[in-house]
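Chemist: Here's a sequence, model it:
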Amino acid sequence: MSSDMKPIRTSDLADNRPREIALRPGADRLKAIAAELGLSDLRKLNFAGRLSPAGKRDWQLEAHLGATVVQPCVVSLIPVTTRIEEDVTRRYTRDMPDPGDADEVEMPEDDTLEPLGAEIDIEAAMIEALALALPPYPRADGAALDDATFTEPGKAAMSDDDVKPFAGLAALRDKLDGGDKG
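Modeler: Numbering: from 1, shown residues only. Below you'll find the predicted structure:
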C-alpha cells in the first residue's frame, strides 16, 4: 500500500495472489491532479481496492474512489463542492478485441476492458475514474440562467423564437388565414 504508487510491472505480479491497492495522494499531487482536470480544488482523494488475477493471463482491478472536488458553477462561477463516491472496475486483458484496419472503430460493449501491457498504472486508472465521475455542469444552489440578448448597437436583438425556422412559417400561415376570412 502506498500513497504514491508507481505503475506495476505485470511481470512482477504473482499469478495467483491479489494485491491490495490504496492511494491517497499528498497535497502537491492533489494540486497537480486538480490542474490536470481543470478543477478549482481537489480537497480529498482516496482510491482503495484490489488487483486480482482474472483467469490465467488477465487482471481485474476493483476499487472504490472517494473524492471532494471544487468546480466553478457553469452559471455564476461560484465554487461548487461535490463529494464523489464511485466504484471502479477495470479488466486488464491480453486478448483485446481487434479493431482491424477499419477507419471507424466501434466501442466495445464492455467499457471496463483495458489492454494488458508491460505495466498497470493504478494512478492513471484513479485519475481517469475521477475525470469520468466529475459533474459535467456543476451548478450552485439557486443559480439560474436568465434570458440574455446580445447584438450590435443600433440593431434589434434576436430572441429564441426568431431562430426557430417554423415559428416564422406559423406566423405567416396565421396571417394568411386571417386575411382569407376578412
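
Chemist: The residue nearest in space to the middle of the chain: what secondary structure?
Modeler: The centre of the chain sits closest to residue 132, judged by CA atoms, centre = their mean, with a distance of 2.5 Å. Secondary structure assignment for residue 132 (DSSP: H, G, I helix; E, B strand; the rest coil): helix.

Chemist: show me where pLDDT drops low in this protein?
Modeler: 1-4, 15, 97-110, 145-150, 158-163, 165, 167-168, 179-182 (pLDDT under 70).

Chemist: For residue 124, which non-adjacent residue is spatially closest?
Modeler: residue 7 (7.8 Å; CB to CB, 6 or more residues apart in numbering). Just so you know, the C-beta spots here come from the backbone N, C-alpha and C atoms, and that holds for glycine as well.

Chemist: residue contacts, the one you found?
Modeler: By CB atoms under 8 Å, 6 or more residues apart in numbering, the contact set of residue 7 is 119, 120, 121, 122, 123, 124.

Chemist: so where do the strands sit in the chain?
Modeler: Counting by DSSP state E, the chain has strands at residues 8-9, 19-23, 41-54, 58-72, 79-93, 113-115, 119-120.

Chemist: Among these, which comes closest to residue 153?
Modeler: In terms of CB to CB, the element of the strands of the chain nearest to residue 153 is strand 58-72, at 30.3 Å.

Chemist: tell me which residues of that closest one are tucked away?
Modeler: 58, 59, 60, 61, 62, 63, 65, 67, 69, 71 (16 or more other CB atoms under 10 Å).

Chemist: check contacts around the first one.
Modeler: Which is residue 58. Contact partners of residue 58, counting by CB under 8 Å, 6+ apart, are 91, 92, 93, 94, 95, 116.

Chemist: What of the last one?
Modeler: With CB under 8 Å, 6+ apart as the criterion, the residues that contact residue 71 are 39, 40, 79, 80, 82, 134, 135, 138.

Chemist: returning to what we had before: minimum distance to residue 32: which of the strands of the chain has it?
Modeler: strand 41-54 (9.2 Å).

Chemist: what distance separates that closest one from the middle of the whole chain?
Modeler: Strand 41-54 sits 16 Å away from the centroid of its parent chain (CA atoms, centre = their mean, to the nearest Å).

Chemist: Tabulate the CA atom coordinates of it in PDB.
Modeler: C-alpha atoms of strand 41-54 as PDB (Å, rounded to 0.1, in the frame of the first residue of the first chain):
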ATOM      1  CA  ASP A  41      -9.600  22.500  -5.900                       C
ATOM      2  CA  LEU A  42      -9.200  18.800  -5.100                       C
ATOM      3  CA  ARG A  43      -9.500  18.500  -1.300                       C
ATOM      4  CA  LYS A  44      -9.500  14.700  -0.800                       C
ATOM      5  CA  LEU A  45      -8.800  11.800  -3.000                       C
ATOM      6  CA  ASN A  46      -8.800   8.200  -1.900                       C
ATOM      7  CA  PHE A  47      -8.600   5.100  -4.200                       C
ATOM      8  CA  ALA A  48      -8.600   1.700  -2.500                       C
ATOM      9  CA  GLY A  49      -9.300  -1.800  -3.600                       C
ATOM     10  CA  ARG A  50      -7.700  -4.900  -5.000                       C
ATOM     11  CA  LEU A  51      -5.900  -6.000  -8.200                       C
ATOM     12  CA  SER A  52      -6.700  -9.700  -8.700                       C
ATOM     13  CA  PRO A  53      -5.900 -12.400 -11.200                       C
ATOM     14  CA  ALA A  54      -8.700 -13.000 -13.700                       C
END
